[in-house]
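Chemist: A predicted structure for the sequence below; I have some questions about it.
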Amino acid sequence: MELTALPTGARAHVRAVSAESAAVLRLREMGLRPGTVLRLTARGASGSRIVSIGAARLAIDATTCSLIEVDPT
């Protein structure tokens, strides 16, 4: 399932990130890599998402969210 389909408040494991290598590298630097557990904290009006990874919170635009595959837990 894409991160865009995850309901607010749900937890999930990141399965894959299908983006350009520079974008994948940046997401990995921020802690978003396969196997990471995240929680969808909020949804923005423009389709963006705010996810929590441990104590960190990341804002991710809608286009990038559509490239992140997750497995709900």
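Modeler: That came through fine.
Chemist: Packing partners of the helix or strand bottoming out on mean pLDDT in the chain?
Modeler: Ranked by mean pLDDT, DSSP states H and E, the weakest helix or strand in the chain is helix 21-29, scoring a mean of 87. Packing partners of helix 21-29 (3 or more CB pairs under 8 Å, 6 or more residues apart in numbering; DSSP states H and E): strand 11-17. No exception for glycine: its C-beta is placed from N, CA and C like everyone else's.
Chemist: neighbouring strands for the helix or strand just after the least confident helix or strand of the chain, and are they parallel or not?
Modeler: Where DSSP states H and E defines the elements, the next helix or strand beyond helix 21-29 is strand 37-43. Sheet pairing here is set by DSSP bridges, and for strand 37-43 it gives strand 11-17 (antiparallel), strand 49-53 (antiparallel).
Chemist: beta partners for the closest residue to Leu27 other than its chain neighbours?
Modeler: The shortest distance from Leu27 to any non-neighbouring residue, by CB to CB, 6 or more residues apart in numbering, is to Val17 (5.7 Å). Note on Val17: beta-bridge partners by DSSP bridges are Ile68.
Chemist: contacting residues around Val17?
Modeler: Counting by CB atoms under 8 Å, 6 or more residues apart in numbering, Val17 touches Ala23, Val24, Leu27, Arg28, Leu32, Arg33, Pro34, Leu67, Ile68, Glu69.
Chemist: Filter those down to the buried ones and express that as a PyMOL selection.
Modeler: Buried members of those, defined by 16 or more other CB atoms under 10 Å, are picked up in PyMOL with:
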select buried, resi 24+27+32+67+68+69
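Chemist: Name the residues linked to Leu38 by a beta bridge.
Modeler: With beta bridges defined as DSSP bridges, Leu38 has these partners: Ala12.
Chemist: Check the one 4 residues further on too.
Modeler: When bridges are called by DSSP bridges, Ala42 pairs up with Ile50.
Chemist: quick one: it and Ile50 touch, right?
Modeler: Yes: taking CB atoms under 8 Å as the definition, Ala42 is a contact partner of Ile50 at 4.3 Å.
Chemist: still on that earlier bit, how far off strand 11-17 does the least confident helix or strand of the chain point, in degrees?
Modeler: Going by axes from the mean of the first three to the mean of the last three CA atoms, to 10 degrees, helix 21-29 is angled at 150 degrees with respect to strand 11-17.
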